[in-house]
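S.K.: how would this look folded up:
(chains A and B)
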Amino acid sequence: MTTLNQARKMKLYKIVGFSSENDAVLRRFMELGFTVGERVKIVATSLQKKVFLIELRGYLLSVRAGLLSRIEVLEI
Amino acid sequence: MKEILLVGNPNAGKTTLFNSLTHSNEHVGNWHGVTVENKEKSFVYGGEEYALIDTPGIYSLCPLSFEEEVSVKTIFESTNMKIINICDQNNLQRNLYLTLCLLEKGCDVVVAVNEIDKRPIFKIDYDKLGKMLGVDVVGINAEKKINVEKLKECVSKESARKVKLPYIKNLKFGGNVLPAKKSCTEEYMLIKAYEKDEKFFQDVGEVDVEKIFQSVPKNSLEIISGFRYAYIDEIIKACTVRTNQVYGKSKLDKFVLNKWLAFPIFLLILSAIFYLTFFSLGAFLSDCLGSLLEVLTTPILNLIENSFGQSWIYDLFKVAIFGGVGTVLSFLPQVVLLFFFLSILEDSGYMSRIAFIFEDILGKIGLSGKSVYTLLMGFGCSTTAIMTSRNMDDKNAKIKTAILCPYMSCSAKIPIYTVIGGAFFGASNLLCIIGLYLLGVVVAITISKILDVTVLKSQKQTFILEFPPYRVSSLKRIGNILWKNVKTFLIKVGSVMISMNIVIWLLSSFSFSFSYVASEGGQSMLESFGKFLAPIFAPLGFDNWAIVASLLAGLVAKEVVVSSIAMFNGIDAGATKLISQSILLSTSAIYFSSKASVISFLVFCLLYTPCIASISMLLQEIGGKWTCISIAIQLLTAYIVAFVIYNISFAFEVFGFLKPFIVLFSLFVIALAVTMIVKKFKKKQLCAHCESCNLDCKKRK
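M.R.: Got it, this is the predicted structure:
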């Protein structure tokens, strides 16, 4: 299973699940709109690729790449 | 008086609405986390007085950072309060998530949808939206005050409606029904169990939190957020028409976030700001104001001289008030210009891009990209910057960020650099000033790294930050910024600086036997004290008692350093050029003999203990222990760095360029080689997977 931190830039992915439970960061992701079935796209990365700029639910969000390992995705 | 809470997502326009409703001028900006504490002010509607409380931005009722905790605590404590939930029209889906959280809690909500842009992403049918949510919904423009009266009317009405959200009935609980606690219903306790909000259950006094969590499905977080977003999607489909725009997306980001262009663009913008502030525009306006002050104060001084002769009263006005304070006053345009440019940066939406660019670097020294906000604010005023360190979600990162703020050269130091540096470096003083700003940043990075590997190790920062769209500041906002900063500066000059200058003048004019030194001779109180401390500063190249006294005075406010120099050298109002000339004369009380001692003095001013206001803010934010440690670190750093720089500069002055350069370059090469060897040795201990790994696995050393 691919996690979002392994996703390729400008490709469209669908969220299929989450790899951790009862986690404050995961809860924050869900509050921000990362829900199963939702489409996400990485639109930019920082110089050392440690931060990703993600397009989700019609807005942009920058997230530290390491945190995205909690989100499982599938390329569409 | 009825109380109303203003609640919403970060950057939704809460403080703008607060300013509109209460006719205030609180700080606003186009980035996440401008407001970090509650603010309260009242307004009158229909003959009744309402207290409006502005809260820091939140995404839900489960806080993740310190400032979010403030908001959530306020919401839970204010049970019968009306809540204005402000939503950004362009990001309605995510904003409605908080609305649902508030409705689940049973809050009495009025939704205000802020229509910021002319071409919005969502076109909304407000009546339909109100019916689906079961509350009043008003479309407003907080900045232009459109529909603000209608919002006040909705808020003033008594609400009888009870909102029933359709998805709640689908939540199941495996154990006995959780009893209602404090202001929370049984239903809400169930929702919180689904959210697995440990802190909430601890706060309401539940002992066996784990057992409660076992009674809900394993993926309960996924279920509850899924239900909420499914309902939001239903609302969006029924009540809005949306365009294909992506909120915050801009073609400009291709350049601003480009890996080769991002840093040059950032440096170009900063250089342009410094050039306009310290030279060209800022210097021109400063000179004009200086000349104007001279014209205005000369007749008053003549009048005092005619009335009292050249007595101590004449001296007090000439030296302490017109000389000292007038000099600092002439820097008003430069200080205001710096704040003005920083505010334009804040409004533009570029701040979030800077945080994105710097996350890689700051992550390495135990900070987050979010620290960039705080550190950039430090260029304006350390006191307000320290307060914004609440943005951090890790306590150690918060303490570290607050400690680092004073190393960012604040606007109060502008007069020091301009007057002292200008005297020795003339036209090339811009390079000296940029060098000082960069030195502050380099020292801050070094201190942060040292703290991170020793006593303040940060946890992995979350760094989740939304990108706002680019915006241009309105003329009204620019006017507000200028007025607010002029007012603050004038109040500071009129209160702190006048009183401090009078105190310094008294201490420097009278001896311990209270005889007037200027006419009767002898040593003033300040001279005695300064001479006692001066030897400590001899290794830094300035052992003059008056310089030491001016540094002590600078503890109250950094501008006082220059006003006290003007006072000691007997300079009239606003004559900054005369101060610059006076410090070159060996007959002056404050005199610098070499460029090396000037550089050393400027470096010490940059790095030593911040003003009293900043210290009290540090005390409030990080507590007494860390404030004392912070002061000690600052004094020590200032002394060591000034000592090293003085000796290097002195070597360049005495031996010319080549010899010291060869020595320094050799030292640099040796240090680099040692670092590389140590790094290589350390790398061998890690597995190939470790560098990009975020898990705390057993393989990690």
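S.K.: from here on, contacts and neighbour counts on C-alpha atoms
M.R.: Fine.
S.K.: please report how far B:Lys105 lies from B:Val669.
M.R.: Counting by CA to CA, to the nearest Å, the gap from B:Lys105 to B:Val669 is 63 Å.
S.K.: revised request: answer the last question for B:Leu533.
M.R.: As judged by CA to CA, B:Leu533 and B:Val669 stand 38 Å apart.
S.K.: do the same with B:Ala589
M.R.: Distance, B:Ala589 to B:Val669, by CA to CA: 43 Å.
S.K.: how about B:Pro63?
M.R.: Applying CA to CA, the value for B:Pro63 to B:Val669 is 48 Å.
S.K.: neighbour count for these two, which is higher?
M.R.: Remark: of B:Pro63 and B:Val669, B:Pro63 carries more neighbours, 21 against 11, as counted by other CA atoms under 10 Å in any protein chain shown.
S.K.: assign A:Ile15 to helix, strand or coil.
M.R.: Secondary structure, DSSP: H, G, I helix; E, B strand; the rest coil: A:Ile15 is strand.
S.K.: across the sheet, point out what pairs with it.
M.R.: A:Val73 (DSSP bridges).
S.K.: that one and A:Met30 touch, don't they?
M.R.: No - A:Ile15 lies out of contact with A:Met30 (CA atoms under 8 Å); the separation is 11.2 Å.
S.K.: residues from chain A in reach of chain B?
M.R.: Residues of chain A lying near chain B by CA under 8 Å from any CA of the partner chain: A:21-22, A:24-25, A:27-28, A:30-33, A:35-36, A:44, A:46-48, A:50-51, A:55, A:57-64, A:66-67.
S.K.: what packs against the longest helix along chain B?
M.R.: In terms of residue count, the longest helix belonging to chain B (DSSP state H) is helix B:612-655. Counting contacts by 3 or more CA pairs under 8 Å, 6 or more residues apart in numbering or on different chains; DSSP states H and E, helix B:612-655 is packed against helix B:382-387, helix B:395-404, helix B:595-607, helix B:658-683.
S.K.: nearest to chain A, out of the ones you listed?
M.R.: Smallest distance to chain A across the helices and strands packed on helix B:612-655 (CA to the nearest CA): 15.6 Å, for helix B:395-404.
S.K.: ok now the closest one, how far from the chain's centre?
M.R.: Offset of helix B:395-404 from its chain centre (CA atoms, centre = their mean, to the nearest Å): 13 Å.
S.K.: same deal with stretch B:320-338?
M.R.: That offset, for stretch B:320-338, works out to 23 Å (CA atoms, centre = their mean).
S.K.: straight-line length of it, end to end?
M.R.: Stretch B:320-338 end-to-end distance (CA to CA) = 27 Å.
S.K.: do me a favour and average the pLDDT over that stretch.
M.R.: The average pLDDT for stretch B:320-338 rounds to 78.
S.K.: next: stretch B:347-354.
M.R.: Mean predicted lDDT for stretch B:347-354 stands at 87.
S.K.: any buried residues in that stretch, and which?
M.R.: Judged by neighbour count (16 or more other CA atoms under 10 Å in any protein chain shown), stretch B:347-354 contains these buried residues: B:347-354.
S.K.: just those: which are in helices?
M.R.: Among the buried residues of stretch B:347-354, the ones falling in helices (DSSP H) are B:347-348, B:350-354.
S.K.: of these, which is the nearest to B:Phe489?
M.R.: Nearest to B:Phe489, judged by CA to CA, of these is B:Asp347 at 21.9 Å.
S.K.: and the pLDDT for B:Thr297?
M.R.: 84.
S.K.: assign it to helix, strand or coil.
M.R.: Taking three-state DSSP as the rule, one finds B:Thr297 in the helix state.
S.K.: now the helices and strands packed on helix B:612-655 in CSV, with mean pLDDT and distance to chain A?
M.R.: Formatted as CSV, the helices and strands packed on helix B:612-655 follow (pLDDT from 0 to 100; distance: least, CA to the nearest CA, whole Å):
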stretch, mean pLDDT, distance to chain A
helix B:382-387, 81, 23
helix B:395-404, 86, 16
helix B:595-607, 92, 31
helix B:658-683, 82, 18
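S.K.: which parts of chain B sit against chain A?
M.R.: So far as CA under 8 Å from any CA goes, chain B lies against chain A at B:59-60, B:64, B:91, B:93-94, B:97, B:195-196, B:218-219, B:221-222, B:225-226, B:229, B:244-249, B:257, B:259, B:356-357, B:359-360, B:462-468, B:692-694.
S.K.: can you flag the buried ones in these?
M.R.: Among those, those buried by neighbour count (16+ other CA under 10 Å) are B:59-60, B:64, B:91, B:93-94, B:97, B:195-196, B:221-222, B:225-226, B:229, B:246-249, B:257, B:259, B:356-357, B:359-360, B:462-468.
S.K.: per-residue pLDDT, residue 74?
M.R.: No chain specified, so I'll use chain A. pLDDT recorded at A:Leu74 is 93.
S.K.: I was thinking of chain B, sorry if that wasn't clear
M.R.: On the pLDDT scale, B:Thr74 gets 90.
S.K.: how about the one 3 residues further on?
M.R.: In the predicted model, B:Glu77 carries a pLDDT score of 87.
S.K.: with the one 5 residues further on instead?
M.R.: What the model reports for B:Lys82 is a pLDDT of 91.
S.K.: so which of the buried ones among the residues of chain B next to chain A are in strands?
M.R.: Within those, residues falling in strands by DSSP state E are B:464-466.
S.K.: got CSV for those, with distance to B:Ala238 and pLDDT too?
M.R.: Shown next, in CSV, are those (distance: CA to CA, whole Å; pLDDT from 0 to 100):
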residue, distance to B:Ala238, pLDDT
B:Ile464, 30, 82
B:Leu465, 29, 84
B:Glu466, 26, 85
